[in-house]
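*Asks:* structure, please.
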Amino acid sequence: SHDLRGPLATIRGLINLMKLQPSMDEMMNLVNMIDTHAIKMDDRLFGLHYLSESGRGEMSAGDLNSYVLESTLRSTLEENHPIDDIHFHFSTANSVYKGINEEFVTSLVNNILLYLLALPKSEINSISISLAAGSNGIRVIIDSKGFIGSYQLMKAIRQKAPLYSNAVTYLQLIHYYAAQKIAHKIKASIQVNFINDDEQNITVVVPITED
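*Replies:* Numbers count the residues shown, from 1 in each chain. Down below sits the predicted model:
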């Protein structure tokens, strides 16, 4: 509530100051400040809307086609970053994984990719994604290099606060929180290991969906 109402309270205060300002220069400074806080509030509301829409739909067993997943991830990469700047590698043990919901798993992994792409980058960047079958599900391993995570980001990811509270406080992690929400729905787990500032290992374990 504080994070959402803070920009609004600032905007209202600035408007009251504008009413008392005869100087056009001061007026324009206040207008610019209002615009900054309005953008901040709009970003937070958009983030909450994105998170609320993530993972919607009915659960079904279905099957995961790994080629569909790879195609979706490559399209996301091309749409959000110059493709030549990132070395992307995708590998899979099977072409189809039975009992794994394609829609939700694709959305989950895609949101993790978007989370990585939103981070500051070094000169050399790579993302490697591999899929393998386990005894009762699949394991997705995502290794990234060159995507820089700050101390604040690492702290936020380790924090166990309610999902929507985290989403408002750490808006830059909205795609990671969307992945978390989807994982909770399909009873999957996400483990993030920061090897160093610009290297992460992310493991997603997805159980087979029962009919």
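*Asks:* alpha carbons only for contacts and neighbour counts from here, please
*Replies:* OK.
*Asks:* so what's residue 66 up against?
*Replies:* By C-alpha atoms under 8 Å, 6 or more residues apart in numbering, the contact set of residue 66 is 92, 94, 95, 96, 97.
*Asks:* show me the contacts for the residue nearest in space to the middle of the chain.
*Replies:* For the chain, the residue nearest the mean C-alpha position is residue 175 (1.3 Å; C-alpha atoms, centre = their mean). By C-alpha under 8 Å, 6+ apart, residue 175 lies in contact with 51, 111, 112, 114, 115.
*Asks:* tell me the one of these nearest residue 206?
*Replies:* Taking C-alpha to C-alpha as the measure, residue 206 lies nearest residue 112 of the contacts of residue 175, at 14.3 Å.
*Asks:* so how far is residue 199 from the spatially closest residue to the closest one that is not a sequence neighbour?
*Replies:* In space, not counting the residues next to it along the chain, residue 112 is nearest to residue 176; the distance is 5.7 Å by C-alpha to C-alpha, 6 or more residues apart in numbering. Between residue 176 and residue 199 the distance is 16 Å, computed by C-alpha to C-alpha, to the nearest Å.
*Asks:* and those two? Which one has more around it.
*Replies:* residue 176 (23 against 18; other C-alpha atoms under 10 Å).
*Asks:* so that one touches residue 107, yeah?
*Replies:* No: counting by C-alpha atoms under 8 Å, residue 176 does not reach residue 107; the two are 11.2 Å apart.
*Asks:* go through the longest helix belonging to the chain and flag the buried ones.
*Replies:* Longest helix of the chain, by residue count under DSSP state H: helix 24-53. The neighbour-count criterion (16 or more other C-alpha atoms under 10 Å) identifies 27, 30, 34, 37, 38, 40, 41, 44, 45, 47, 48, 51 as the buried residues of helix 24-53.
*Asks:* from those, which is closest to residue 72?
*Replies:* Comparing the buried residues of helix 24-53 against residue 72 with C-alpha to C-alpha places residue 51 closest, at 19.6 Å.
*Asks:* buried residues in the longest strand that the chain contains?
*Replies:* Ranked by residue count and defined by DSSP state E, the top strand of the chain is strand 121-133. Going by neighbour count (16+ other C-alpha under 10 Å), the buried part of strand 121-133 is 121, 125, 127, 129, 130, 131, 133.
*Asks:* relative to residue 147, how far out is residue 51?
*Replies:* Applying C-alpha to C-alpha to residue 51 and residue 147 gives a distance of 23 Å.
*Asks:* what mean pLDDT does the host helix or strand of residue 114 get?
*Replies:* When elements are defined using DSSP states H and E, residue 114 is found to belong to helix 102-117. Per-region confidence: helix 102-117 scores 94 on mean pLDDT.
*Asks:* tilt between it and strand 121-133?
*Replies:* Orientation of helix 102-117 against strand 121-133 (axes from the mean of the first three to the mean of the last three C-alpha atoms, to 10 degrees) gives an angle of 160 degrees.
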